[in-house]
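Enquirer: what shape does this take:
(2 chains)
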Amino acid sequence: MKRLIYLVVFFPLLSSCFCDDPQDVYLPPIPDSILNLIPYAKNQSITLVHSGGLEIQYQINRFTEVQESWCEFCCDYVYHYEVNTTQLVPDYNLPMLSFQLYSPDSVFFLLSLNTGNSSFEIPFSYLPENINYQATLLDTFRLDSISYFNVFAIKGVSYQFNNDQIFFDSLYYNYSHGIIKLLTNYEESYILKP
Amino acid sequence: MKNLIFLSLSLLMLFSSCGDNSPLAKEETYYIVEDHLKWVFPDVLNESFFMRDSNGITYSYTKVIHNHDFTDSWSSFFGFTTSITHTESYSLEYRNNALYDLNLTLLLTAGFPPFGDYYSVNIGSFNLMYDFKYNQVFNLYCDWGDKSYNLTDDGFEYQQTILSNVTFIDELQVYHTLYSDIMHVEFLDFKESYDNNTVTDLYFAADIGLLKIVFKNGVYLERIYDPSE
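Expert: Numbering: from 1, shown residues only, chains lettered A, B, ... in the order given. Coordinates of the predicted model:
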């Protein structure tokens, strides 16, 4: 009787220690139509002009890696998916601008820009259901004498200790020009040099 | 004979079981000299101050650590604690909003004879330690090598030359404001390895904090009070 009790109590515990190997699922590569949402190529460079007049040249590095989904314990599936990274490396003592593009399910894509203590989530299409509450689509955005079309105005998220700390709080971005304008919470700006 | 052995073992067990409270232990506390406390800056935890560089780009620094501790250390002889020392220290850490390389850590520690209180400055590629009594840098750790003076009972033993130094100046003008009682930290070792963004100079004002950072390429950051100017 005691043995039966031990079996009933311990068997579920023991059985949970033995998991089947998860099944590998390889998601398709990121299609070119999505990759082109970031209009930068490796070894290209762009220039952003600070509101104080300084011109900062950014050298572009772009690459794709395959990553796996995290499995803590006994997962049915492990997903292998591409992550495309675009790094804009400044020639001045400023943080790098880094885009990450990937899809956890090959249906919805996540496109983000990270810099210093700020990050922006960029919509991956013009469809309203893919534009979150932090982004607004502008038909036309005029900067000095230049008009840009279909521009996302995006509010940033900051990892900060207080409300005084400087961070990038606004990004103006479109799929044809990339970063058009970056604005800090103290209204210092970095504008794309045409 | 048996009684002697029993007594010795009993005493051994008694004193070794006392640990930190051994009755034989000499206890000492080293406090920081009051005049040196002006280099423990009073800005509030999680509040920011601002610096603007020579090209008009503004950064913020936020104090994230401000600790005041007494560190304990022990000496022992055959398992008996013979001395216990309590050493006062203050540690401060400031985070730059954009550049992790410009995070600043400061540590002020009480000195023990024959040495004085020492100040540790850690930024970018450098960690420098300065002794207030001997008025010299005695340790320098950086990305390209280390230099240090040995600590002996008679003071520092100079086996190599540390060029980096700490000096004190009466006044410094920083972005329209005149500050007094300035500490100037200058990094001079391994200069041939520096790149344009290597920090070469730091300036601190007593009772206020970081005032200015200078880089190898001549660009500098200066403390400002109103970032919306």
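
Enquirer: what helices or strands is the helix or strand containing A:Gln67 leaning on?
Expert: Following DSSP states H and E, one finds A:Gln67 within strand A:55-68. When contacts are defined as 3 or more C-beta pairs under 8 Å, 6 or more residues apart in numbering or on different chains; DSSP states H and E, strand A:55-68 sits against strand A:45-50, strand A:77-90. The way it works is simple: take the backbone N, C-alpha and C, and place the C-beta from them, glycine included.

Enquirer: okay if I get those strands as TSV plus distance to chain B, mean pLDDT and mean neighbour count?
Expert: Compiled in TSV, the helices and strands packed on strand A:55-68 are given as follows (distance: least, C-beta to the nearest C-beta, whole Å; pLDDT from 0 to 100; neighbours: other C-beta atoms under 10 Å in any protein chain shown):
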stretch	distance to chain B	mean pLDDT	mean neighbour count
strand A:45-50	6	97	17
strand A:77-90	11	92	17
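
Enquirer: export the ones you listed to CSV and tack on distance to B:Leu211?
Expert: Converted to CSV, the helices and strands packed on strand A:55-68 look like this (distance: least, C-beta to C-beta, whole Å):
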stretch, distance to B:Leu211
strand A:45-50, 23
strand A:77-90, 25
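
Enquirer: show me what contacts the residue in chain A that chain B sits nearest to?
Expert: Here chain A gets closest to chain B at one residue, A:Gly52, 2.4 Å apart by C-beta to the nearest C-beta. Contact analysis of A:Gly52 by C-beta atoms under 8 Å, 6 or more residues apart in numbering or on different chains lists A:188, B:55-57.

Enquirer: mind redoing it with 10 Å?
Expert: By C-beta atoms under 10 Å, 6 or more residues apart in numbering or on different chains, the contact set of A:Gly52 is A:188-189, B:52-58.

Enquirer: can you map out the strands along chain A?
Expert: Listed in chain order, the strands of chain A (DSSP state E) span A:23-26, A:45-50, A:55-68, A:77-90, A:97-102, A:110-115, A:118-122, A:135-143, A:146-155, A:157-158, A:168-174, A:178-184, A:189-192.

Enquirer: include distance to B:Val137 when you put these into CSV, please.
Expert: Output for those, formatted as CSV (distance: least, C-beta to C-beta, whole Å):
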stretch, distance to B:Val137
strand A:23-26, 56
strand A:45-50, 36
strand A:55-68, 35
strand A:77-90, 32
strand A:97-102, 37
strand A:110-115, 35
strand A:118-122, 37
strand A:135-143, 50
strand A:146-155, 47
strand A:157-158, 37
strand A:168-174, 38
strand A:178-184, 37
strand A:189-192, 38
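
Enquirer: show me what from chain A comes close to chain B.
Expert: A:50-56, A:91-95, A:115-118, A:158-168, A:184-188, A:190 (C-beta under 10 Å from any C-beta of the partner chain).

Enquirer: out of those, which are buried?
Expert: In the residues of chain A next to chain B, burial by neighbour count holds for A:50, A:54, A:56, A:92-95, A:115-118, A:158, A:160-161, A:164-168, A:184-186, A:188, A:190, counting by 16 or more other C-beta atoms under 10 Å in any protein chain shown.

Enquirer: any low-confidence regions in the chain?
Expert: By default, I'm working from chain A. Scanning chain A for pLDDT under 70 picks out A:6-7, A:9-17.

Enquirer: should've been chain B
Expert: Within chain B, the ranges that satisfy pLDDT under 70 run B:8-24.

Enquirer: partner strands of the longest strand seen in chain B, with direction?
Expert: In chain B, with assignment by DSSP E, the single longest strand is strand B:58-77. Here strand B:58-77 has these sheet partners by DSSP bridges: strand B:48-53 (antiparallel), strand B:80-96 (antiparallel).

Enquirer: looking at those strands, which is buried most?
Expert: Across the strands paired with strand B:58-77, averaging neighbours per residue (mean count of other C-beta atoms under 10 Å in any protein chain shown) puts strand B:48-53 on top, at a mean of 21.

Enquirer: who in chain B is up against chain A?
Expert: Residues of chain B lying near chain A by C-beta under 10 Å from any C-beta: B:44-64, B:95-102, B:196-197, B:215, B:217, B:219, B:221, B:226-229.

Enquirer: closest point of chain B to chain A, which residue?
Expert: For chain B, C-beta to the nearest C-beta, closest residue to chain A: B:Gly56, 2.4 Å.

Enquirer: what about that residue, which helix or strand?
Expert: Taking DSSP H and E as the definition, one finds B:Gly56 inside no helix or strand.

Enquirer: got it, and B:Leu4?
Expert: Using DSSP H and E, B:Leu4 falls within helix B:2-17.

Enquirer: what element comes up after that helix heading to the C-terminus?
Expert: Next in line after helix B:2-17, if elements are assigned by DSSP H and E, sits strand B:26-30.

Enquirer: just the buried residues of stretch A:97-111, please?
Expert: Within stretch A:97-111, the residues scored as buried using 16+ other C-beta under 10 Å are A:97-103, A:106, A:109, A:111.

Enquirer: rebuild the residues you listed as JSON lines, extending it with distance to B:Thr109.
Expert: Listed next are the buried residues of stretch A:97-111 as JSON lines, based on distance: C-beta to C-beta, whole Å:
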{"residue": "A:Leu97", "distance to B:Thr109": "40"}
{"residue": "A:Ser98", "distance to B:Thr109": "39"}
{"residue": "A:Phe99", "distance to B:Thr109": "44"}
{"residue": "A:Gln100", "distance to B:Thr109": "42"}
{"residue": "A:Leu101", "distance to B:Thr109": "48"}
{"residue": "A:Tyr102", "distance to B:Thr109": "47"}
{"residue": "A:Ser103", "distance to B:Thr109": "52"}
{"residue": "A:Ser106", "distance to B:Thr109": "56"}
{"residue": "A:Phe109", "distance to B:Thr109": "52"}
{"residue": "A:Leu111", "distance to B:Thr109": "48"}
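
Enquirer: from those, which two are the most distant?
Expert: Distances among those were taken as C-beta to C-beta; the most separated pair is A:Leu97 and A:Ser106, at 26.2 Å.

Enquirer: closest to B:Leu108 out of the strands of chain A?
Expert: strand A:157-158 (31.5 Å).

Enquirer: and that closest one, what does it pack against?
Expert: Strand A:157-158 makes packing contacts with strand A:118-122, strand A:168-174 when contacts are defined by 3 or more C-beta pairs under 10 Å, 6 or more residues apart in numbering or on different chains; DSSP states H and E.
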